[in-house]
Each structure stands twice: as C-alpha cells, then as structure tokens.
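>>> Okay, predicted coordinates and the sequence, questions at the end:
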There are 2 protein chains.
Amino acid sequence: MTADKPLRADAKRNREALIAKAREVFDAGDFFDLRFDDFARLAGVGTGTLYRHFPTREALAEAVYHGEVATLCDRARRLQATLPAAEALATFLRGMVDHIDAHEGLARTLATLMADRSGAFAEGSQALEQAVTDLVAAAVRDGAVRDDVDAGAVMMALHGIGAAHDRPGWRAEADGVITLVLDGLRSSAGRSATSAS
Amino acid sequence: MTADKPLRADAKRNREALIAKAREVFDAGDFFDLRFDDFARLAGVGTGTLYRHFPTREALAEAVYHGEVATLCDRARRLQATLPAAEALATFLRGMVDHIDAHEGLARTLATLMADRSGAFAEGSQALEQAVTDLVAAAVRDGAVRDDVDAGAVMMALHGIGAAHDRPGWRAEADGVITLVLDGLRSSAGRSATSAS
DNA sequence: CAAAATATGGAGACTATCTCCACTTGTCAA
DNA sequence: TTGACAAGTGGAGATAGTCTCCATATTTTG
C-alpha cells in the first residue's frame, strides 16, 4: 500500500507542494471556503495535476492526516516505552488535547471530513486506533484499568473532542472529558479477569 | 424567535410537508445523495418554495433537529421528576444511545451537518445542553456526582457518540463511553465543595 | 365578490467540479 | 550527448448542482 511509488521527479515535487499547501490551508481553517480549482493555483499547479494526485478533497485531506497520525503514533510508542502503562495512557490523552488545541483549524477540517465520508479515513485512523488500543491494553495488563470497556470507546470520546472544537469552553470541556474517561477507566467496576495472571 | 408566524394556510401545509419528507429522507440516510432540487419534487413542491422556506440544507436540518431535541428534553424532564438525580442522569444518557441507535440515519445526517457548519445548530442544541446541564447539576447537588467537571464535557462525549455512528462496533463502544462517563462522574476525585451545604 | 396580500413553481443564470488531451518535461539506453 | 519513449502537466470546456426571479395562482380581507 505504501510501496507503489516510482514517481517521476516533477510529479513528486508537485505532490509535495500540494500536501504542504494543504496543511497550510487546513490550519488556517479556509479549506471549505476555497474552490478546489483555486487551491490548485494556490499550490502552483494546474487543475488536472491536482485531480490526478488527489481525486477528491478527502483524498488530499487523508494525505495530510497520514502525517499527523504518524506523529501521534510515534509519541504513543515513545510514551509507552518510557512510562508505566497507566501514566503513558494518561499523558498521551492529555497530549492529544494539546495537539488538537494547537492545530485547531486542522482538527476542525479533519473532523468535518471525517463526518462527511467516514469511510475515507478508516485506513488512516486505524494506526491511531491501534496505538490507543495498545496503550489501553498495556494498562489493563498492569491491572491499572478495567477490562470491560473497549478501547474503541476512548476513540469515540476523542472523536467527540475533535468534532466539538468550536464550543466556547472547548479547552476546559475537552480536559473534562479526558478526566472522566481516565477516572472511568480506573473505576473499580468489572476488573475481575485481570487477576488471572 | 418562535413567535413570528402568521403563515398562510398553503404555506404552512408546504412547510410541514417539507419537514415531514426531510425527516423521512434523513432517516434513510439519503440526504446527501439527493440533489436539493430533487428533494423539493419529492416533497411535492417547487424549488422556489423549498428555498423560500429553507434557504439552505442546514436550515432544513435544523427544523428537523428542533423536533428531535424537544422530544429528548421532554424525556429528560420526566426522568428528572420521577427518579433520583443520579439515576435520572444515567437513564437519560443510556436512553440517548438507544435513541441514536434507533434513528441512525438521522443521527448521521445531523452529525455531518453539525460538523460542517457548527454555528447553525448552536441554538437548537442549547435546549438539549440545558437539559443535560440540569440533570448533572441535580446529581451534583445530591452529592452523587463530582462537581469539578463541566456538563459540557458530557455533551462532548455525546457528540462523539453521535458522530462516530459508523464504527463497526458502535453500539458496544457507545455504551462503553457512557459507562466511562458515568463512572468517571461518580469518581471520588474532586468532590470537595459538595459538602458545603 | 373584488382587491390586496401572500405564496407558488420551474425556467434559466450562475458557479464549482472534474475530464480530456495537445503539449511539456523527465528518463534511460546507446 | 542525443533521440525516442514514457510520464506528467495544465487549463479550456463539458457537466451538474444551487439558487434567483417573476409571471401566475391561491388565500385573505374588507
């Protein structure tokens, strides 16, 4: 899937210019106020070139998303390697909020696109989801976290945080969600199977 | 805001036909595959009529959403009147999941529209948010729930549930989120101020 | 029942998306 | 280097969805 790329030099250049400009526009939050054709000009390529590289807005967004996800997954792996499981999970989730906060426009754009054509991001999201699943699983193994709630629930909560970016008290509420999730995970209910080791 | 309505008989009839058909199409999940003009025909009115009543897709969606919210708020009020606060909150949240589950297409459509032009729904959401806020506040007063997390966080989590409708294990995960939120709210941390009564 | 007010509907203007292909640019072998 | 083939480009124009406008129809009022 990532291996089919004997791309010609200029093609590669254009593709990268497109992604770079996309990230920029995303971050400014102007992605939907901009004609797709105009975006091509903005990035310095023709319409045809834009459409060949990225047949849809979503395809372009996914390319940006990919980089984003990779960064986050790295962070997750690093945390998992250096901290106790429960702490790694907590730090990662708190860090997610920071990250979304710092890239509001981008988060907003991605949330919109995710809602629109959710299938388009399933692949890209999978890596992130895997990272979260791993963090949760490790914490469960440590007995620090209940085992009767799926990691997917955590993803859902994160999704809510990302999608609700525009609420007036976003930051405080987002932190609140994380607090609830973490305390909920730590809750005493349903920790039975853990003691089997 | 709801008081400016000396509508002519036929106008009222059309408006209602529009909303009824909209609810139907929403529920089937076809709202975005349909040309807006075609929707007018489907509802048996001309394009002009559609556009006069609802200048945008969002406006139409909001009208449907309004009814939905009213139903939910009623439920919240009834629960609050008949159950202990903590239980009312729990029942309401579990019920929300049932409701979204039963109207998947509608939930999906609304989530999409919310993400797109979030401002458009702020007004409609407010009633729902107020209901949730009231439920949480009552539970806090009872000392059944921590007071250091805003009710807005609960709204965010609900938003995530609604927006993530299309995940494979949606139902289980949605229930998981509610479990985390409820247990998180019940968590012992930060209940200090409650004892001041 | 006539006049005034209100609402209708669909033809067509407008606008964004996307396709297509004549032309340019890069690559590779000799 | 150079020729020739492959790969990529860009933008004009076809296509399709959105929305406006107004001659006509319906309701209300006096």
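In hand now; what should we look at? Given the structure is predicted, the values throughout are model-derived calculations rather than measurements.
>>> can we go C-alpha only for contacts and neighbour counts from here?
OK.
>>> Just the element for the spatially most central residue of chain A, please.
For chain A, the residue whose C-alpha lies nearest the mean C-alpha position (CA atoms, centre = their mean) is residue A:69; its distance is 5.1 Å. For residue A:69, the element it lies in under DSSP states H and E is helix A:57-82.
>>> pLDDT weak spots in chain A?
Judged against pLDDT under 70, the low-scoring parts of chain A cover residues A:1-5, A:110, A:113-120, A:188-197.
>>> need the residues of it near DNA strand D, please.
With CA under 7 Å from any atom of the strand as the criterion, chain A meets DNA strand D at residues A:6-8, A:10-15, A:44-49, A:52-53.
>>> ok, now with 10 Å
Contact residues, chain A versus DNA strand D (CA under 10 Å from any atom of the strand): A:5-18, A:37, A:40-41, A:43-53.
>>> DNA strand C next: which of those are close?
Under the cut-off given by CA under 10 Å from any atom of the strand, DNA strand C has A:6-13, A:37, A:40, A:46-52 from the residues of chain A next to DNA strand D close to it.
>>> and chain A, which of its residues are near chain B?
For chain A, the residues in contact with chain B under the definition CA under 8 Å from any CA of the partner chain are A:111-112, A:115-116, A:118, A:149-150, A:152-154, A:156-161, A:163-164, A:166, A:172-174, A:176-177, A:179-185, A:187.
>>> which among those end up buried?
Burial by neighbour count, judged by 16 or more other CA atoms under 10 Å in any protein chain shown, picks out A:111-112, A:115-116, A:118, A:149-150, A:152-154, A:156-161, A:163-164, A:173-174, A:176-177, A:179-185, A:187 from the residues of chain A next to chain B.
>>> Which residue is it, in chain A, that comes closest to chain B?
Using CA to the nearest CA, the closest approach of chain A to chain B is made by residue A:160 at 3.3 Å.
>>> could you say which helix or strand contains that residue?
With elements delineated by DSSP H and E, residue A:160 resides in helix A:151-163, which encompasses its position.
>>> Among the residues of chain A next to DNA strand D, which ones are in helices?
In helices, defined here by DSSP state H, the members of the residues of chain A next to DNA strand D are A:9-18, A:37, A:40-41, A:47-53.
>>> out of these, which are buried?
Buried residues within these, defined by neighbour count using 16+ other CA under 10 Å: A:14-15, A:17-18, A:40, A:50-51.
>>> what's the most distant pair in those residues?
Taking CA to CA, the two most distant members of these are A:17 and A:51; they sit 13.8 Å apart.
>>> pretty sure residue A:80 is touching residue A:135, no?
Yes: with contact defined as CA atoms under 8 Å, residue A:80 reaches residue A:135; the gap is 6.8 Å.
>>> shared neighbours of these two, which are they?
Residues touching both residue A:80 and residue A:135 (CA atoms under 8 Å, 6 or more residues apart in numbering or on different chains): A:88-89.
>>> related to what we said a few turns ago, tell me the one of the buried ones among the ones in helices among the residues of chain A next to DNA strand D nearest DNA strand D?
Checking those against DNA strand D by CA to the nearest atom of the strand gives residue A:14 as the nearest, at 4.9 Å.
>>> Might you report the residue contacts of that closest one?
Taking CA under 8 Å, 6+ apart, we find residue A:14 in contact with residue A:45.
>>> Report the separation between the residue in chain A positioned nearest to DNA strand D and residue A:37.
Closest approach of chain A to DNA strand D (CA to the nearest atom of the strand) occurs at residue A:48, with a separation of 2.8 Å. When distance is defined by CA to CA, to the nearest Å, residue A:48 is 9 Å away from residue A:37.
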